[in-house]
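> dropping a prediction and its sequence here:
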Amino acid sequence: MALISLQNVSKTYPPARKGEPAVTALRDINLEIEAGEIFGIIGYSGAGKSTLVRLINALESSTSGDITVDGRQVSGVPERKLRTLRLDIGMIFQQFNLFNSKTVRNNIAYPLRVAGRSTAEIAARVEELLDFVGLADKAGSYPEQLSGGQKQRVGIARALAASPKILLADEATSALDPETTHEVLALLRRVNRELGITIVVITHEMDVIKNLATRVAVMDGGRIVEQGEVFEVFSNPRQASSRKFVSTVVRGVPSPDELDSLRRRHPGRIVTLSFRDGDSSQSEVFLELARAGIGFELVYGGINDISGRAFGHLTLALTGEDAAIDGALAAVGHGLKVAERF
Ligand code: ADP
């Protein structure tokens, strides 16, 4: 059985004030997250991602449907039973949510104090966690003395304090610069691999999904519109709404404005070739164009690498006889996706 399982889950928030409409944040969600995986939840702001995570750690209750975490029912369970469930789930946030008046050591110790652990046990566990996140020398510092990346490492140590099975990360790197993001992602991979903790990441950042997650669900309007292996979803999104989201985070396809500017600078026909591992190689395409006597210039493009597998989009300006171009595109079109841009 999956570690986290949601079946036909919906959530409607009642109107905030009289006369306002109720908001349905989640509609008929079905999701299974297996023990040991790193699962990404992506989508535009307002898609329902945070609500979904708040249901998993029982900070909110669902309006209908079933949620189980580690075999335990979460929906419709009394508050005192949820306390033990929450010890199994750690959470980290975009704004870190540290106590500014407590030292790093005391921030990490906090959940253990609340859980009533002994002083000796807390001290030993905090030392272990400080080592794990590489902040042993900052134990006595206050959050304001730390960089963003160090603050998030404290957040991670605190989330791990009670040895949870699951770590929920809500936009945990969105406030960090790219280099620090990579450091934090490397730490999260260690949390997963070395400690065996299942991680659920909510993000709108491609880098996070690409470098961390193995499977992903794309949300839009409170629904999961598509889910699957990260490479599959990103290299070949099947639904219109996931294609739209993916195109905003994947490099390579020119936007309408960029296309206008390319068109002004390049008189020829503009064509985007999209390929994935296993398709015809770029060199075969260039060879075919050269063989047909077509002039070509690479004017826009990006190659993405996900877990060692590549996909990408190359936009070419082609010059030559129309019939020769049509013939060459038909020939390369057997191996990869060709889209003429008008
Ligand atoms: P995301 O995390 O993808 O940005 P959210 O889960 O925060 O999306 O929000 C989904 C929808 O639910 C939005 O329309 C949002 O305005 C609404 N919503 C979220 N939390 C509440 C709340 N506590 N009360 C009322 N509406 C809410």
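Thanks, I have the structure now.

> tell me which element V233 falls in.
helix 230-235 (DSSP states H and E).

> which strands and helices lie in contact with that helix?
On a contact count with 3 or more C-beta pairs under 8 Å, 6 or more residues apart in numbering; DSSP states H and E, helix 230-235 meets helix 206-212, strand 215-220, helix 240-249, strand 295-306, strand 309-319. From N, CA and C alone the C-beta is placed, and that goes for glycine too.

> ranking the ones you listed by burial, who's on top?
For those, the largest average neighbour count (mean count of other C-beta atoms under 10 Å) is found in strand 215-220, namely a mean of 23.

> I'd like to know how far the nearest residue to L98 once chain neighbours are set aside sits from A159.
Nearest in space to L98, with sequence neighbours left out and distances taken as C-beta to C-beta, 6 or more residues apart in numbering, is P143 at 4.5 Å. According to C-beta to C-beta, to the nearest Å, P143 and A159 sit 15 Å apart.

> the two: who's more crowded?
Under the criterion of other C-beta atoms under 10 Å, the comparison of P143 against A159 puts A159 first, with 24 against 19.

> which SS state does the more buried one fall under?
helix (DSSP: H, G, I helix; E, B strand; the rest coil).

> may I have stretch 111-126 as PDB, with CA atoms only?
Extracted in PDB, the C-alpha atoms of stretch 111-126 (Å, rounded to 0.1, in the frame of the first residue of the first chain):
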ATOM      1  CA  PRO A 111       9.700  19.900  18.400                       C
ATOM      2  CA  LEU A 112      11.500  17.500  20.700                       C
ATOM      3  CA  ARG A 113      10.700  19.700  23.800                       C
ATOM      4  CA  VAL A 114       7.000  19.800  22.700                       C
ATOM      5  CA  ALA A 115       7.000  16.100  22.300                       C
ATOM      6  CA  GLY A 116       8.300  15.800  25.900                       C
ATOM      7  CA  ARG A 117      11.700  14.100  25.200                       C
ATOM      8  CA  SER A 118      14.400  14.100  28.000                       C
ATOM      9  CA  THR A 119      17.100  16.700  28.100                       C
ATOM     10  CA  ALA A 120      19.800  14.200  27.400                       C
ATOM     11  CA  GLU A 121      18.000  12.700  24.400                       C
ATOM     12  CA  ILE A 122      17.300  16.200  23.000                       C
ATOM     13  CA  ALA A 123      20.900  17.200  23.300                       C
ATOM     14  CA  ALA A 124      22.200  14.100  21.500                       C
ATOM     15  CA  ARG A 125      19.600  14.300  18.700                       C
ATOM     16  CA  VAL A 126      20.300  18.000  18.100                       C
END
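
> same list (the helices and strands packed on helix 230-235) but as CSV, adding mean pLDDT and distance to the ligand.
CSV is the format used below for the helices and strands packed on helix 230-235 (pLDDT from 0 to 100; distance: least, C-beta to the nearest ligand atom, whole Å):
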stretch, mean pLDDT, distance to the ligand
helix 206-212, 85, 15
strand 215-220, 95, 6
helix 240-249, 82, 11
strand 295-306, 88, 23
strand 309-319, 90, 26
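
> can I get those in JSON lines including distance to A328?
Listed next are those as JSON lines, based on distance: least, C-beta to C-beta, whole Å:
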{"stretch": "helix 206-212", "distance to A328": "32"}
{"stretch": "strand 215-220", "distance to A328": "35"}
{"stretch": "helix 240-249", "distance to A328": "26"}
{"stretch": "strand 295-306", "distance to A328": "9"}
{"stretch": "strand 309-319", "distance to A328": "8"}
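
> any idea which helix or strand comes after the strand or helix carrying L52?
Under the criterion of DSSP H and E, L52 resides in helix 49-56. Going down the chain from helix 49-56, the next helix or strand is strand 64-69, by DSSP H and E.

> packing partners for that next one?
Under the contact definition 3+ C-beta pairs under 8 Å, 6+ apart, strand 64-69 sits against strand 4-13, helix 49-56.

> what is whichever helix or strand comes after the first one packed up against?
Spelled out, it's strand 4-13. Later in the chain than strand 4-13, the nearest helix or strand by DSSP H and E is strand 23-33. Applying 3+ C-beta pairs under 8 Å, 6+ apart, we find strand 23-33 packed against strand 4-13, helix 49-56, strand 223-229.

> next, see if strand 23-33 gets close to the ligand.
Yes - applying C-beta under 6 Å from any ligand atom, one finds strand 23-33 touching the ligand at V23, A25.

> now that strand: average pLDDT?
For strand 23-33, mean pLDDT rounds to 97.

> which residues of the stretch 1-150 of the chain lie near the ligand?
Y13, V23, A25, G43, S45, G46, A47, G48, K49, S50, T51.

> can you put the residues you listed in CSV and add neighbour count?
Below are those laid out as CSV (neighbours: other C-beta atoms under 10 Å):
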residue, neighbour count
Y13, 14
V23, 15
A25, 22
G43, 24
S45, 8
G46, 14
A47, 25
G48, 23
K49, 24
S50, 17
T51, 23
